[in-house]
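In: Mind folding the following:
(2 chains)
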2 protein chains.
Amino acid sequence: MRILVDMDGVLSDYEEGFLRRWRDEYPDKPFVRLSDRTTFYIEDQYGEEARPLVRRIVSEPGFISGLKPIQGSVPALNAMDLAGFEVYICSSPLPDYRNCVSEKYEWVEKHLGGSWVNRVILTKDKTLVKADILIDDRPSVCGVEDPPPWEHIVYDQPYNRQEVRKRRLTWNTWEAVLMADAGT
Amino acid sequence: MRILVDMDGVLSDYEEGFLRRWRDEYPDKPFVRLSDRTTFYIEDQYGEEARPLVRRIVSEPGFISGLKPIQGSVPALNAMDLAGFEVYICSSPLPDYRNCVSEKYEWVEKHLGGSWVNRVILTKDKTLVKADILIDDRPSVCGVEDPPPWEHIVYDQPYNRQEVRKRRLTWNTWEAVLMADAGT
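Out: Okay, the predicted model is just below:
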């Protein structure tokens, strides 16, 4: 079984990284607690005035490479690999690719090790990649292949809970979910 | 019809860029004329002693982003797009990804324009990408999907001419080849 795992919001804690920088850089501006986030894109909740500031933060050098791993994500990936699943890291670059692209590779090398760098797939359209499962925090993942070749399992986050049609997964529950799949 | 097009040696003139830097940086060392190149990897022909010097050149900042387009490649891509082919740029990062990864995106933005940046797919294993045709200068493209989902058309280069089993293509002949395909 081949599994694609998204990075931002699944392996790396994009929301925590953003909020930390936001509060550092704009201590007088309002912020949204992580548990109160309700939109996939941060700027959609922070409002029109904040949009350029939000984008500036996530495009800063060191933002992507400096994200913390989501609790449990690194051991989970290694466990999936050891269990014989064919695991790839499948990520889409931010619109401002300049820093983010190489920093995604750096992040993988730093937190998962050099051998995982060869398992990185960067693509705007994930439906082009042939796999059985995509684990992604985006509520809906679409592209030119419709239906997509994989089943989308939504990685649970406060900002995607309005989407209820798909199976949900956290790193605490992935093992049970995947084992159930392997058995069917 | 979906077509994946490789970058180095197909869209961008990696060999010319290397030779130019090699002769600039090591004017007293021997070099191989482009028409005399017989191995896919440059270092395999330049010999063991030169290996670290070859690798240093191709990993230098500005090497990938500074490559010239291969004559005819940019108009060919735009023509394929206009003709209704679904075209993606599918490239594998060099082992030293640090500069090359973001510079590949820069190259595409500079020579093909911003809209093509969204059509870049970076992956070590190209057999994971679902397409009809892969245009690549590597004599043999293998991966986990065997047979691969696409037909490999070899982009003609002096260093891949020992491989004769597959259809060959240059940007002067692409139009005839692809139109023939579209007709079948």
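
In: when you scan stretch A:84-104, is anything in it near chain B?
Out: Yes - counting by CB under 8 Å from any CB of the partner chain, contacts between stretch A:84-104 and chain B involve A:86, A:88, A:93, A:97-99, A:101-102. Glycine gets a C-beta too; all of them are placed from N, C-alpha and C.

In: The nearest residue to A:Asp136 once chain neighbours are set aside - how many residues pack around it?
Out: Excluding the flanking residues, the one nearest A:Asp136 by CB to CB, 6 or more residues apart in numbering or on different chains is A:Asp6, at 4.1 Å. Around A:Asp6 there are 20 other residues, counting by other CB atoms under 10 Å in any protein chain shown.

In: likewise A:Asp81?
Out: 16.

In: who's in contact with it?
Out: Contacts for A:Asp81 were tallied using CB atoms under 8 Å, 6 or more residues apart in numbering or on different chains; they are A:Val87.

In: follow-up on the earlier one: show me the residues of stretch A:84-104 next to chain B that map onto strands.
Out: Secondary structure from DSSP state E places A:86, A:88 of these in strands.

In: out of the residues of stretch A:84-104 next to chain B, who's nearest A:Gln71?
Out: Checking the residues of stretch A:84-104 next to chain B against A:Gln71 with CB to CB, the nearest one is A:Tyr88 at 21.7 Å.

In: circling back to that earlier point, let me know the pLDDT of the residue nearest to A:Asp136.
Out: A:Asp6 carries a pLDDT value of 98.

In: Kindly report the same for the one 3 residues further on.
Out: The model reports A:Gly9 with a pLDDT of 96.

In: Does it touch A:Asp137 like I think?
Out: Yes - with contact defined as CB atoms under 8 Å, A:Gly9 counts as touching A:Asp137 (3.8 Å).

In: circling back: need the residues of stretch A:84-104 next to chain B in a markdown table (columns: pLDDT).
Out: Below are these laid out as a markdown table (pLDDT from 0 to 100):
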| residue | pLDDT |
| --- | --- |
| A:Glu86 | 97 |
| A:Tyr88 | 98 |
| A:Pro93 | 91 |
| A:Tyr97 | 84 |
| A:Arg98 | 83 |
| A:Asn99 | 83 |
| A:Val101 | 93 |
| A:Ser102 | 93 |
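
In: Would you point out the most distant pair within the residues of stretch A:84-104 next to chain B?
Out: Largest separation among the residues of stretch A:84-104 next to chain B by CB to CB: A:Glu86 and A:Arg98, giving 31.2 Å.

In: For chain A, what lies in contact range of chain B?
Out: By CB under 8 Å from any CB, the residues of chain A that approach chain B are A:2, A:86, A:88, A:93, A:97-99, A:101-102, A:105, A:117-125, A:128-131, A:144-145, A:149.

In: doesn't A:Ala131 make contact with the residue nearest to A:Asp136?
Out: No - between A:Asp6 and A:Ala131 there is no contact under CB under 8 Å: 11.8 Å.

In: For the residue found closest to A:Ala76 once you drop the neighbours it is linked to in the chain, give its distance to chain B.
Out: Nearest residue to A:Ala76, sequence neighbours excluded (CB to CB, 6+ apart): A:Trp171, at 4.8 Å. Separation of A:Trp171 from chain B (CB to the nearest CB, to the nearest Å): 24 Å.

In: A strand includes A:Trp171, no?
Out: No - according to DSSP: H, G, I helix; E, B strand; the rest coil, A:Trp171 belongs to no strand; its state is coil.

In: hmm, back to that, mark which of the residues of stretch A:84-104 next to chain B are part of helices, please.
Out: A:97-99, A:101-102 (DSSP state H).

In: Just the element for the residue of chain A most remote from its centre, please.
Out: Distance from the centre of chain A peaks at A:Asp28, with 28.7 Å (CA atoms, centre = their mean). Following DSSP states H and E, there is no helix or strand that holds A:Asp28.

In: and the gap between it and chain B?
Out: A:Asp28 is 34 Å from chain B, where distance means CB to the nearest CB.

In: now swap in A:Val58 and tell me
Out: As for A:Val58, its distance to chain B is 16 Å (criterion: CB to the nearest CB).

In: and if you look at A:Val87?
Out: Distance, A:Val87 to chain B, by CB to the nearest CB: 12 Å.

In: Show the model's pLDDT score for that residue.
Out: Listed pLDDT for A:Val87 reads 97.

In: And A:Leu178, by the same measure?
Out: With respect to pLDDT, A:Leu178 scores 60.

In: My guess is A:Arg98 contacts A:Ser59. True?
Out: Yes - contact between A:Arg98 and A:Ser59 holds when scored by CB under 8 Å: they sit 7.3 Å apart.

In: Excluding chain neighbours, what is closest to A:Ile133?
Out: A:Ile3 (4.7 Å).

In: and A:Val87, what does it touch?
Out: Contacts for A:Val87 (CB under 8 Å, 6+ apart) come out as A:2-3, A:5, A:77, A:80-81, A:119.

In: what do you get for A:Glu103?
Out: A:Glu103 touches A:61-65, counting by CB under 8 Å, 6+ apart.
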